[in-house]
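S.K.: fold the following for me, if possible:
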Amino acid sequence: MSKTYLKEAATASKLITKFGGPAVVVRTGAPTGLEYDPSFGGEITFAALIADIAHSVTRSENSVIEQGEKAGVMVMVDGDVPSKTDSIRISGEDFVFVELKPLKPNPDGSVVLYEYVA
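M.R.: Reported below is the predicted structural model:
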């Protein structure tokens, strides 16, 4: 990440830590066993910090967030990269990602935050 955005990324992370809360991104392990009868691996979890912004986010299809969905911004604690096929665990409840967009405001393309709807 360029020096220009190090301060902004640190500020965003600080604000999410102060006003947000912890969450866990959950990925199902790779399937094992026979092709016609696979067994799915255990959960792989990644720590994240989130801030709920449901009141201001809209979906790209120009529809609003549906009741019961969660929306916000997320910082991955250890620099892991979440996938739209993952789910997010917030306060012990799992939500499947409906949208997951990396926010890359800097010219070198480094991801600062992720915006999600789950």
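S.K.: low pLDDT regions in the chain?
M.R.: Low-confidence segments of the chain, defined by pLDDT under 70: 1-5, 54-67, 106.
S.K.: quick one: the strands in it?
M.R.: Using DSSP state E, the strands of the chain run over 21-34, 37-52, 71-76, 87-90, 93-96, 99-103, 113-117.
S.K.: so which of those is nearest Ser13?
M.R.: Comparing the strands of the chain by their distance to Ser13 (CB to CB), the top pick is strand 71-76, with 5.1 Å. Using the backbone N, CA and C atoms, a C-beta is placed for each residue, glycine as well.
S.K.: contacts made by that closest one with the rest, please.
M.R.: By CB atoms under 8 Å, 6 or more residues apart in numbering, the residues outside strand 71-76 that reach it are 12-13, 16, 20, 23, 25, 46-54, 57, 65, 82, 88, 103, 113-118.
S.K.: one more pass at 6 Å, please.
M.R.: 13, 16, 48-54, 57, 65, 113-117 (CB atoms under 6 Å, 6 or more residues apart in numbering).
S.K.: ok, back up a step: rebuild the strands of the chain as TSV, extending it with distance to Glu8 and mean neighbour count.
M.R.: Below are the strands of the chain laid out as TSV (distance: least, CB to CB, whole Å; neighbours: other CB atoms under 10 Å):
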stretch	distance to Glu8	mean neighbour count
strand 21-34	21	14
strand 37-52	15	14
strand 71-76	12	21
strand 87-90	24	19
strand 93-96	28	12
strand 99-103	11	15
strand 113-117	10	21
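S.K.: could the ones you listed be laid out in a markdown table, adding distance to Lys7?
M.R.: Formatted as a markdown table, the strands of the chain follow (distance: least, CB to CB, whole Å):
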| stretch | distance to Lys7 |
| --- | --- |
| strand 21-34 | 24 |
| strand 37-52 | 18 |
| strand 71-76 | 15 |
| strand 87-90 | 27 |
| strand 93-96 | 32 |
| strand 99-103 | 16 |
| strand 113-117 | 14 |
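S.K.: ok, back up a step: quick check: the farthest pair among the contacts of strand 71-76?
M.R.: Ser13 and Ile65 (24.0 Å).
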